[in-house]
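Engineer: Quick one: sequence plus predicted model below, questions after.
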Amino acid sequence: MIRNASVFRKSAFRIMISRIMISAICVSLLLAAAAAEVASGASNTPIAVFPLTTKSPEARRLVQQALDLYLDRVEQEEANDILRKAVQVDPDFAMGHEFLAQISLDSAEQVAEQEKAFATRNHATNSEQLVIEWYQDAADHKLISAIPKMNDVLNQYPHDKWVVWMTTWWLFQQSQFERASAIYEQSGLTDSPGLINNMGYNYAALRQFDKAFAMMDKYVALMPNDSNPQDSYAEVLRMAGRFNQSIEHYRASLVINPEFYSSEFGIADTYSLMGDQVQARKEYEIGFQKFTLPELQQILWKTREATTYVREGDYDNAEHAFQAIADYSHTRHNSQAEADTYRQMAMCEQNPKQALVYLDKAEAAAQEGKNALKIALTQEMAQILRARVEVALKMANKQMVNSTLARLSDMAESSNDKVSELAYHGAAGEVLFSERKYDDAISHLEEDNSNPFSLKVLAAAYQKIGYSAGAKRTNDTLTNLNDPTLEQALVVPAFRKCSDTPSSCTTNTKSAALKK
């Protein structure tokens, strides 16, 4: 842990890196141990079914119905309504509360239902209590204690659909894509449309698009009259850069079910990535006028709409749009969304002093902590600190760089959380690059290999040390990154343009981009 201004003094730096590596190794070993247990017992252990303990058969039936709707048909709002009925029938149904906490689209309900699940866990079996305590530890940002509980449940029920779904989805959210794939492949579950859908996304995140497309083909074949397979296929195609095919699948989804709103907004996202921001905004407005959205979905797509202005370089309209989202999040008492919106405003801001004002607002909202789980707030704070480091670098304020990076280092070391660690690695890599310590920068930036900012600097660092193959590989990854996020909008279009037309490059972009 580094607590002084000499952040990159060699001895302290190596101690800090060793501790973070030990933390990461501990997590990896815990995950690997579970994989070995599952693999060794798969052929000998009878298939066990995860229990759902309730005094009411009707409540159990409702939960099972809701889970089927959620996982295999992606009818999330209807599933949530049914889960609410189930816990009304039996308020002591701990896993009913837990499932509602995990799939609710309302941040306040997520927090409240997690508390109810934990409070009623003594009415459940030991296995159910393990799941609830796993999620509670994760919510409290205690991942080192959460992972063994997840592993224990998985070892008991390696072929149960709900356990495989819970573990693979949780690992996906932790960016543990290889581990999630291994659990699914060892489960032997090949007939669950919902798991097939999730694995399609998982393989796409690994950029194994052949496997992803195979999963989506199977998903569509299993549910030819359902909208979500078409919607999911469209999103995976978009990730692969096949925009026209993506729009065709989104429109096919809406033909099957005109009320499937994610497809309407998916079309808007795709036009934005294609560079047609006017058409993208038209599609967003069609969606907002046609559908009444849950709170988190409203915030998501309003943010995507605001990002269209960033893609056009219209930062005044972007600022107004993001401010409206921050105000809405504040009125909804959603601290994490409010903090994230101010952070994004800071990322867009050309004036570093004003960017710091937005980051102060972001940090204040995160510290207020209303209607958000601790893990979400911690991860948000890590992203805010990374943004502070980037602003401090622009200002050439070394004291701010070092003090902020030290805070982020402490957070990454203590949290045992992948998202926070990646934020630290990205920030540390950028600082080291600015100090021309390219080898050290690369060791950090390679850890954060999905973030556009880190990829851009990583490509430049490879160039600086003469590693042309690494630079070319990173360039290809970055130029083919098709996520409708603000980070992608701020980095990738300019990077692509620079790769194709070097005369259009800014100094920073030119140092990273390679001529194809």
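Structural biologist: Here it is on my side, so go on.

Engineer: Okay, the nearest residue to Glu430 once chain neighbours are set aside and Met347: tell me how far apart.
Structural biologist: In this structure, Glu430 finds its nearest non-sequential neighbour in Val457, 5.5 Å apart by C-beta to C-beta, 6 or more residues apart in numbering. Quick note: C-beta positions are derived from backbone N, CA and C, even for glycine. As judged by C-beta to C-beta, to the nearest Å, Val457 and Met347 stand 15 Å apart.

Engineer: Comparing those two, which residue is more hemmed in?
Structural biologist: Ranked by neighbour count (other C-beta atoms under 10 Å), Val457 and Met347 place Val457 first, with 28 against 22.

Engineer: Can you name the next helix or strand after the helix or strand hosting the more buried one?
Structural biologist: Assigned by DSSP states H and E, Val457 belongs to helix 452-465. For helix 452-465, the following helix or strand on the C-terminal side (DSSP H and E) is helix 468-479.

Engineer: Which other helices and strands does the next helix or strand along the chain from that following helix contact?
Structural biologist: On the C-terminal side of helix 468-479, the closest following helix or strand by DSSP H and E is helix 486-500. Helix 486-500 makes packing contacts with helix 295-312, helix 335-348, helix 452-465, helix 468-479, helix 507-512 when contacts are defined by 3 or more C-beta pairs under 8 Å, 6 or more residues apart in numbering; DSSP states H and E.

Engineer: starting at the chain centroid, how far to the second one?
Structural biologist: So that's helix 335-348. Offset of helix 335-348 from its chain centre (C-alpha atoms, centre = their mean, to the nearest Å): 16 Å.

Engineer: Taking helix 452-465 as reference, get the angle to it.
Structural biologist: Calculated by axes from the mean of the first three to the mean of the last three C-alpha atoms, to 10 degrees, helix 335-348 forms an angle of 40 degrees with helix 452-465.

Engineer: Could you check the angle helix 335-348 makes with helix 486-500?
Structural biologist: Angular relation of helix 335-348 and helix 486-500 on a 0 to 180 degree scale: 30 degrees, by the same axes, to 10 degrees.

Engineer: if we look at helix 335-348, which residues are touching it?
Structural biologist: For helix 335-348, the surrounding residues in contact (C-beta atoms under 8 Å, 6 or more residues apart in numbering) are 107, 296, 299, 303, 310, 315, 318-319, 322-323, 325-326, 329-330, 355-356, 358-359, 361-363, 365-366, 368-372, 376-377, 380-381, 383-384, 387, 390-391, 486-487, 490.

Engineer: Can you give me the buried ones in the one helix or strand Glu128 maps to?
Structural biologist: Using DSSP H and E, Glu128 sits in helix 126-139. For helix 126-139, the neighbour count (16 or more other C-beta atoms under 10 Å) marks 127-139 as buried.

Engineer: how about JSON lines for those residues, with pLDDT and distance to Leu189 added?
Structural biologist: Below are these laid out as JSON lines (pLDDT from 0 to 100; distance: C-beta to C-beta, whole Å):
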{"residue": "Ser127", "pLDDT": "96", "distance to Leu189": "18"}
{"residue": "Glu128", "pLDDT": "96", "distance to Leu189": "20"}
{"residue": "Gln129", "pLDDT": "96", "distance to Leu189": "24"}
{"residue": "Leu130", "pLDDT": "95", "distance to Leu189": "20"}
{"residue": "Val131", "pLDDT": "95", "distance to Leu189": "18"}
{"residue": "Ile132", "pLDDT": "96", "distance to Leu189": "23"}
{"residue": "Glu133", "pLDDT": "96", "distance to Leu189": "25"}
{"residue": "Trp134", "pLDDT": "94", "distance to Leu189": "20"}
{"residue": "Tyr135", "pLDDT": "94", "distance to Leu189": "21"}
{"residue": "Gln136", "pLDDT": "94", "distance to Leu189": "26"}
{"residue": "Asp137", "pLDDT": "91", "distance to Leu189": "26"}
{"residue": "Ala138", "pLDDT": "88", "distance to Leu189": "23"}
{"residue": "Ala139", "pLDDT": "86", "distance to Leu189": "27"}
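
Engineer: where does this protein have low pLDDT?
Structural biologist: Where the chain drops to pLDDT under 70, the residues are 1-47, 500-516.

Engineer: Now stretch 209-229: buried residues?
Structural biologist: Quick answer for stretch 209-229 (16+ other C-beta under 10 Å): 209, 211-213, 215-216, 218-220, 223, 226-229.

Engineer: What are the contacting residues of it?
Structural biologist: 72-74, 191, 193, 196-197, 199-201, 203-204, 230, 232-233, 236, 239-240, 253-254, 256-257, 260, 263.

Engineer: Might you calculate how far that stretch sits from the centre of the chain?
Structural biologist: With C-alpha atoms, centre = their mean, you get 22 Å for stretch 209-229.

Engineer: got it, and stretch 404-412?
Structural biologist: From the chain centre to the centre of stretch 404-412 is a distance of 21 Å (C-alpha atoms, centre = their mean).

Engineer: ditto for stretch 306-318
Structural biologist: Worked out by C-alpha atoms, centre = their mean, stretch 306-318 lies 23 Å from the chain centre.

Engineer: do the same with stretch 372-392
Structural biologist: Centroid displacement of stretch 372-392 relative to its chain, using C-alpha atoms, centre = their mean, is 14 Å.

Engineer: Spit out the contact partners of Arg332.
Structural biologist: Ser107, Glu295, Asn371.

Engineer: Now it, what are its backbone angles?
Structural biologist: Torsion angles at Arg332 (phi, psi; degrees, to the nearest 10) stand at phi -90, psi 0.

Engineer: that older thread, list buried residues within the contacts of helix 335-348.
Structural biologist: Buried residues within the contacts of helix 335-348, counting neighbours by 16+ other C-beta under 10 Å: 107, 296, 299, 303, 310, 318-319, 322, 325-326, 329-330, 355-356, 358-359, 361-363, 365-366, 368-372, 376-377, 380-381, 383-384, 387, 390-391, 486-487, 490.

Engineer: And the strand or helix carrying Ala376, what does it pack against?
Structural biologist: Of the helices and strands defined by DSSP H and E, Ala376 is found in helix 374-394. If contacts are counted by 3+ C-beta pairs under 8 Å, 6+ apart, helix 374-394 sits against helix 126-139, helix 335-348, helix 352-368, helix 398-415, helix 418-434.

Engineer: possible to save those as JSON lines with distance to Gln277?
Structural biologist: Below are those laid out as JSON lines (distance: least, C-beta to C-beta, whole Å):
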{"stretch": "helix 126-139", "distance to Gln277": "37"}
{"stretch": "helix 335-348", "distance to Gln277": "15"}
{"stretch": "helix 352-368", "distance to Gln277": "23"}
{"stretch": "helix 398-415", "distance to Gln277": "33"}
{"stretch": "helix 418-434", "distance to Gln277": "27"}
